[in-house]
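Q: Provide a 3D model corresponding to the input given below.
(chains A, B, C and D)
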Amino acid sequence: MAKPIEIEELSVSYGRGRKRQRVVHDVTFSIESGECVGFIGVNGAGKSTTIKALMGFIYADAGRASMFGNDAGHPDGRRQVGYLPEVALYYPFMRAEELLALYGALSGMTRAQLRTRIPEVLQLVGLAGRGRDLLREFSKGMQQRLGIAQALIAEPSLLVLDEVSAGLDPMGRFELRELLKKLHQAGKTIFFSSHELSEVESLCDRVILIDQGRIKKEVTQSELKQIGSEQSLESFFIEAIRGAVAS
Amino acid sequence: MRSAFHMAVWPIVRATVLEAARRKDIAVLAIFMVALLFVLGSARVVGLERPAAGTFLLNLSLTLIIGGAHLVTLLVAARQIPDEIEQRTLYPLLARPIHRSHVLIGKWLAACLMGLALFFSLFIPVWLLVPRLEHYETGTLIQLLTLQPMALMVTAAVPLFLTLCFPRGLAMALALLIVLGADYLVRFVDGFPLIWLVPNPSRLNMVLRYTDGIAPLSFWGWSALMLAALFWTASLLLLSRQLFERRAL
Amino acid sequence: MRGAKQHLGWLVALLLLVVAGWLGAHVDPNAYAGGRARDEQERLRRNSSALAAMLGEFRTSLSDIMFIKTERYLHGGVAYLPHMGDLAMSAEELIDEVDEHQSEIGLEFLDHDEEGDVPTIIPTPERDFRGWVGNLHREVQPWRDPTKAHIHTDGRDLIPWFRLMTRADSHYIRGYTAGGFWLNMADPEAALAFIEEGIQHNPQEFQLYVSRGFLLIREARRTGVTTSDVELEPEVAAILERARDDFRKAAQLALVKRPDDVDEEGFGSGGWGSYHENDALAASRMDILLTRRLGDPDLANQLAHRYANTFPEMLEMLQ
Amino acid sequence: MNQARAIGVIARSVLLEAIRRKEIYLLIAICFALIGFVLSMDFFGLGGLIKFYREVSLRLIGTFTAVAVILLATRQLPREFELRTIYPLMARPVSRWAFIMGKGLGVFLAAVFCFLLFILIYTPGMLFLGGEIAWGLFLQHIYLQLLQMFVLTAAAFLLSLCFSKSGALTMVLLLYFASTLLSSISVSIYELTTPLGQGLLTILNYGLPQVALFDLSGKALHSELWSPLSLPIMAALTLYAAFYTLVYGTIAYALFRRRPL
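A: Presented below is the predicted three-dimensional model:
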């Protein structure tokens, strides 16, 4: 069976003509079914660009990205994926449940399925009872919770989450972590980008560190634990990145 | 397995219509149009001593509702892609197992439906309110009513295509120029090379012919216009697809 | 493979665009001669309704809007309500009006007794409920007390609008006839070509032939002497022959089109108005006169008898 | 901070935004292209005619500036809330009064900028055609148009505080484009309506500003026949504009002052 995510020597550029700039260089990694992988890097390191190329929103100069064996951009690849974009505003004039119905229907859910599933996910992300509210009235944190709800709506087997905890309060972060743990235990594959090291530490089987568009390190959970016992995770990453800059 | 239309296109149509209908600007336009109808209706009382004045009113109101329907269609269609990109709502949308062209078709269809709804919901009261005291050809009316939805289809496709080529403001200005002025443009800059390639939804407007009491077009003439509208729409949608499919978001 | 598909997409789209453009360019549902909207008498009837006067600014035909603009220009920007005098004029009346304006240019005020009571769109203070707002309105916009005087400006300024209104609607007959006369002041050759363009689009409209006939007569006068006491120079005669042909063609077309029920004032069914009647009369009269002037009195007599079936007064011309 | 200085700083930022966004240039470019198109038109070999050029360009200048100003003005307040840029602004010692004044002044400066650009385009065209510019009427026309921009800006602020951004935009555009028609309709139907209707029309007459009072293009067009407006009339028109600007502006300020941020 094909892996949920496979990326081979992916390179992506932005801009046109003389302003064209490569922001992702020869990135290669893959994620096995059932894994939870964190994608770590500073702002502007290339995390979101890699994820966008994987989702088929932008096109690669070279290399290949695929989901479940389908090339990036092919609808079949997105059949079992739940995706949370980096910073998203949702249609201000829709109600939360209408929005979820839209995304659910686009993922192929029937009306009957949606009727039971929508209250479930709203409950899951802590928005129970807010389904009839217009989204323009939602706070930033609520928008983010709704974003997670829309990613979960069709019960995908792979979750791709870009800056998953952005805009959430400590309580929200804690609840989210618990939710992701539960999903992971239920066998879902999770791939998320973050610059919150504590999140990564407590959740991930593996961490991929990206800087200036290149993969710097891959660390497994056992290695993470070892690092954690010897020095703080934070200083480990700072060293890894500084080392990259120095070289 | 459910059809692509049912699964991918229709939810987008529904969501777009819902959004557009809840925005107040559409409501303002609708209120304006209804007020206008009210004026026309009260005109029955003020002074329609002459049949010719009835024809004038019929022409005026039909022209206005067609103009209004095209304007709404254009405004709805022109907002879709730039808004989705600006608000980043395109990402969760395209993260579903659908093709980008499904999004385009859904947006286009929604704009068409908004225009059509406005057109028919105003056409019926106008038809009932304005006294028709002179002779009008039913055949011409049927042609008018069949060509207008086709014209709205073209009008919905024009801004969709233009917003993929130009920034929003320019696209909107150009779309207005094409939808409301292409017919005059073609006439004024007579002889300008390739000007006839500009899609021309106002070509399908038969209001004048109808209120002038002129007989319908020949079957072939009517078919040619229907085909022209179909091809304009298909061409614009295909061009939009070509542009949208490979665009980095 | 993907590239080929991509190219095919562009190709099909362009092909569809070309076919649609070709179809659209060849079928114009509004390309018919006549019709209520283009008929001046019909416009008069509409304008005389209270409601239409109220919505008068809201013309639906671009050509109509431009025609109203020419009237405003002529009156120095002052907006008068549409009225009989300006809308329904035969070719002869029109050409007289043009001459009159031409001789007036440079005069600031001119009394037009017959038009002195045409109301302005911005009303007089007595009829205006708006108080000082109305007073300011009358100060800012070009406005003149309608009971007092008209202002007239150079008619040449109207020419661009006539060009545009006939482009917008090639069956807008009045645009050609009125435009031809004003253009004649600036460039007689261009005026003839302009009316010729009108005739090409509307070969059955007799008023266009009448207009061109009158323009040709002026052309002949410019070229040489046309009075009956001298022999015509060949080039003058050639021009007058063209004018005669135009009037004859116009008379033929007019007599076919003229309804049987024309009343004393010249109005009849099917949109026939007094200016139609006057043009038909002028065409018949000029055909007889020119035929005689060009040296064929017998034919002139025959024509007079033929036209007398419709217009008995033609027989008076035989004396 | 000194409030006058605050007004200046805010106005400057509005002007900068107006100039840096592409919309104004876009409008000017379209206007420029149309004027160029008119200049290149040749009617029967007589060349472009001066009055035609004057009319088309004056109308274009008026309409395009008004549209640019309306677009800019209706956007000012809603966008501050939308983008949450109002918080860092109001965190300074700036009164809400100074904030709204600064916004208004900025929009007005943008209008002046538009007019200056347009005049730079219009004048060479006129010289090219060999026409004379009747400066008296022309400058009075521009002055009245600027007065109108004050009124439109105040109306735009007020409406954008009551409705959504696009709703306000539609309504101000309606006010601008339908006002002339409304006044001519109201005059014609006044005598035909009931006392109730007449009362309503009177309220409309004094409650809404009439755009036609700021449009001197009709006289400027036929400048050989009309002379510039007298000083008392100009003063009355200035007062007229000031009245509506103050009324709309004050209501807008009252709404804004009590509005939770």
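Q: Report the central residue of chain A.
A: residue A:161 (1.6 Å; C-alpha atoms, centre = their mean).
Q: three-state assignment of that one?
A: Here residue A:161 is recorded as strand under DSSP: H, G, I helix; E, B strand; the rest coil.
Q: Number of residues surrounding the nearest residue to it once chain neighbours are set aside?
A: Among residues not flanking residue A:161 along the chain, residue A:192 sits closest, at 3.9 Å (C-beta to C-beta, 6 or more residues apart in numbering or on different chains). Every C-beta, even on glycine, is put in place using the N, C-alpha and C of the backbone. Residue neighbour count, defined by other C-beta atoms under 10 Å in any protein chain shown, stands at 24 for residue A:192.
Q: Work out for me the element residue A:192 sits within.
A: strand A:189-194 (DSSP states H and E).
Q: And for residue D:111?
A: Using DSSP H and E, residue D:111 falls in helix D:96-129.
Q: Report the distance from that helix to the chain centre.
A: 10 Å (C-alpha atoms, centre = their mean, to the nearest Å).
Q: cool, and stretch A:114-134?
A: 21 Å.
Q: can you pull the buried residues of that stretch?
A: Neighbour counts over stretch A:114-134 (16 or more other C-beta atoms under 10 Å in any protein chain shown) mark A:114, A:117-119, A:121-122, A:124-127, A:130-131 as buried.
Q: What helices and strands are in contact with the strand holding residue A:192?
A: In this structure, strand A:189-194 packs against strand A:36-40, helix A:47-55, strand A:158-162, helix A:170-185, with contacts taken as 3 or more C-beta pairs under 8 Å, 6 or more residues apart in numbering or on different chains; DSSP states H and E.
Q: List of residues touching the third one?
A: Strand A:158-162 is contacted by residues A:4-5, A:47-48, A:51, A:54-55, A:67-68, A:80-86, A:148, A:151-152, A:183, A:188-193, B:95 when judged by C-beta atoms under 8 Å, 6 or more residues apart in numbering or on different chains.
Q: Which helix runs longest in chain B?
A: For chain B, the longest helix by residue count, based on DSSP state H, is helix B:51-86.
Q: For the helix or strand just after it, give me every contacting residue.
A: Next helix or strand after helix B:51-86 toward the C-terminus (DSSP H and E): helix B:90-94. With contact meaning C-beta under 8 Å, 6+ apart, helix B:90-94 is reached by A:52, A:55-57, A:83-85, A:88, A:90, A:103, A:106, A:147, A:150-151, B:12, B:84, B:100, B:103, B:249.
Q: Need phi/psi at the residue nearest the centre of chain B.
A: Central residue of chain B (C-alpha atoms, centre = their mean): residue B:152, 2.8 Å from the mean position. In terms of degrees, to the nearest 10, the main-chain angles of residue B:152 are phi -60, psi -30.
Q: Show me what the strand or helix carrying residue B:118 is packed up against.
A: For residue B:118, the host element (DSSP H and E) is helix B:100-129. Here helix B:100-129 touches helix B:10-22, helix B:24-46, helix B:51-86, helix B:90-94, helix B:138-165, helix B:219-245, going by 3+ C-beta pairs under 8 Å, 6+ apart.
Q: Let me see the mean pLDDT of the fourth one.
A: The pLDDT scores in helix B:90-94 average 86.
Q: what do you get for the second one?
A: Model confidence over helix B:24-46 averages 68 on the pLDDT scale.
Q: Once you drop chain neighbours, what's closest to residue 190?
A: Picking chain A for this. residue A:36 (4.3 Å).
Q: if you could check chain C rather than the one you did, that'd help
A: Nearest non-adjacent residue to residue C:190 (C-beta to C-beta, 6+ apart): residue D:44, at 3.9 Å.
Q: tell me the phi and psi of that neighbour?
A: In terms of degrees, to the nearest 10, the main-chain angles of residue D:44 are phi 60, psi 40.
Q: ok, it - contacts?
A: C:159, C:163, C:183, C:186-187, C:190, C:193-194.
Q: Weed out the non-buried ones from those.
A: C:159, C:163, C:183, C:186-187, C:190, C:194.
Q: start to end distance for stretch A:53-70?
A: This stretch, stretch A:53-70, spans 13 Å end to end (C-alpha to C-alpha, to the nearest Å).
Q: show me the contacts for residue A:193.
A: A:38-41, A:47-48, A:51, A:161-164.
Q: Between the contacts of residue D:44, which sits nearest chain B?
A: residue C:163 (9.5 Å; C-beta to the nearest C-beta).
Q: shaky segments in chain C?
A: Scanning chain C with the threshold set as pLDDT under 70 gives C:1-2, C:40-60, C:82-88, C:100-117, C:149-151, C:319.
Q: for chain D, what spans make up the strands?
A: With DSSP state E as the criterion, chain D has no strands.
Q: where in it is pLDDT low?
A: Residues of chain D that meet the cut-off, pLDDT under 70, sit at D:1, D:47-48, D:261.
Q: who's in contact with the residue lying farthest from the centre of it?
A: Note on chain D: the largest C-alpha distance from the chain mean falls to residue D:45, namely 37.1 Å (C-alpha atoms, centre = their mean). Residues near residue D:45 by C-beta under 8 Å, 6+ apart: C:187, C:190.
Q: that older thread, ok, the residue nearest to residue A:190 - contacts?
A: Counted by C-beta under 8 Å, 6+ apart, residue A:36 has contacts A:180, A:184, A:189-191, A:203-206.
Q: Reformat those residues as a markdown table; add neighbour count and pLDDT.
A: Formatted as a markdown table, the contacts of residue A:36 follow (neighbours: other C-beta atoms under 10 Å in any protein chain shown; pLDDT from 0 to 100):
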| residue | neighbour count | pLDDT |
| --- | --- | --- |
| A:180 | 23 | 89 |
| A:184 | 18 | 92 |
| A:189 | 24 | 93 |
| A:190 | 24 | 93 |
| A:191 | 25 | 93 |
| A:203 | 21 | 84 |
| A:204 | 25 | 87 |
| A:205 | 17 | 88 |
| A:206 | 20 | 90 |
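Q: near chain A, which residues of chain B?
A: B:2, B:7-8, B:10-12, B:14-15, B:18-19, B:22-23, B:87-99, B:246, B:248-249 (C-beta under 8 Å from any C-beta of the partner chain).
Q: Now that we have these, which of them are buried?
A: Members of the residues of chain B next to chain A classed as buried by 16+ other C-beta under 10 Å are B:7-8, B:10-12, B:14-15, B:18-19, B:22-23, B:88-99, B:249.
Q: circling back: out of the contacts of residue A:193, who's the most crowded?
A: residue A:39 (28 neighbours).
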